[in-house]
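A.B. asks: sharing a model prediction with you, sequence too.
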Amino acid sequence: MQDKELITEAANKAMSSSTFLQSLEKWKPFPVLYKIKKDGGKNAVGDFGENLVCSYYNSLGIPSKIVKNGHDVLVGNRKKEVKTAFYGGNNFWFNQIYFEYPKTHPKAGSLKDWEDLTFVFVKPGRIEIWECERPQIPEELFKWNNGWMWQKAGPQKLDSSFWKHVVTLSL
């Protein structure tokens, strides 16, 4: 069997496994989210969150645009790093929260310029957006896992003295 066949077979098995199919079942009533979850991959998830944050602030009359250079979205004059996670069984996972450019980037080691961190929690039927100002001591809020990360059951586990609830959107 050639490499491509091995990879295709493994991917098809993974996508047809009962675990994968059960995790998708709760998203079916929400076709737009189902498509992102099923077919989109991690870039589509991130792009969805960035577009949602940008559109939300634009709807409030605050000029916003996607930048993706040191930060993801410029809202008014605030530079926001947006992280998006779809509910995955027990937890939300927000990965690759970088305060500086990673080693593989041409600007490796220099600080990224974002001022606010935005988490987009996506659950079937409901999306919550939360924000905080850039933490000075990341280890107080996050764990290290090849980049800073946050993994918990949901926004109720955020430190409310630091995080601000922006909006809850319903489908």
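C.D. replies: Arrived safely. Model, not experiment: these values are computed from the prediction.
A.B. asks: is the most centrally placed residue in the chain in a helix, a strand, or coil?
C.D. replies: Centroid-nearest residue in the chain, with C-alpha atoms, centre = their mean: Thr84, separated by 1.5 Å. Put simply, Thr84 is strand when judged by DSSP: H, G, I helix; E, B strand; the rest coil.
A.B. asks: before we move on, what about Cys54?
C.D. replies: Following three-state DSSP, the label given to Cys54 is helix.
A.B. asks: how far away is it from Gly76?
C.D. replies: Distance from Cys54 to Gly76, counting by C-beta to C-beta, to the nearest Å: 12 Å. C-beta here means a position set from N, CA and C on the backbone, and glycine is covered the same way.
A.B. asks: list the buried residues in stretch 51-60.
C.D. replies: Leu52, Val53, Cys54, Tyr56, Tyr57 (16 or more other C-beta atoms under 10 Å).
A.B. asks: save these as TSV, and put in distance to Glu128 and pLDDT too.
C.D. replies: Below are these laid out as TSV (distance: C-beta to C-beta, whole Å; pLDDT from 0 to 100):
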residue	distance to Glu128	pLDDT
Leu52	11	95
Val53	12	94
Cys54	17	94
Tyr56	12	94
Tyr57	15	94
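A.B. asks: touching, Val120 and Ile127? I think so.
C.D. replies: Yes. Val120 lies in contact with Ile127 (C-beta atoms under 8 Å); the separation is 6.5 Å.
A.B. asks: between the two, which contacts overlap?
C.D. replies: Residues touching both Val120 and Ile127 by C-beta atoms under 8 Å, 6 or more residues apart in numbering: Leu52.
A.B. asks: before we move on, the earlier item: contact partners for the residue nearest to the centre of the chain?
C.D. replies: Contacts of Thr84 (C-beta under 8 Å, 6+ apart): Val45, Gly46, Phe48, Gly49, Glu50, Leu52, Phe94, Phe119, Val120, Val122.
A.B. asks: one more: Lys123?
C.D. replies: Neighbours of Lys123 in contact, by C-beta under 8 Å, 6+ apart: Phe86, Tyr87, Gly154.
A.B. asks: filter these down to the buried ones, ChimeraX style.
C.D. replies: ChimeraX command restricting the contacts of Lys123 to the buried ones, with burial defined by 16+ other C-beta under 10 Å:
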select :86,87
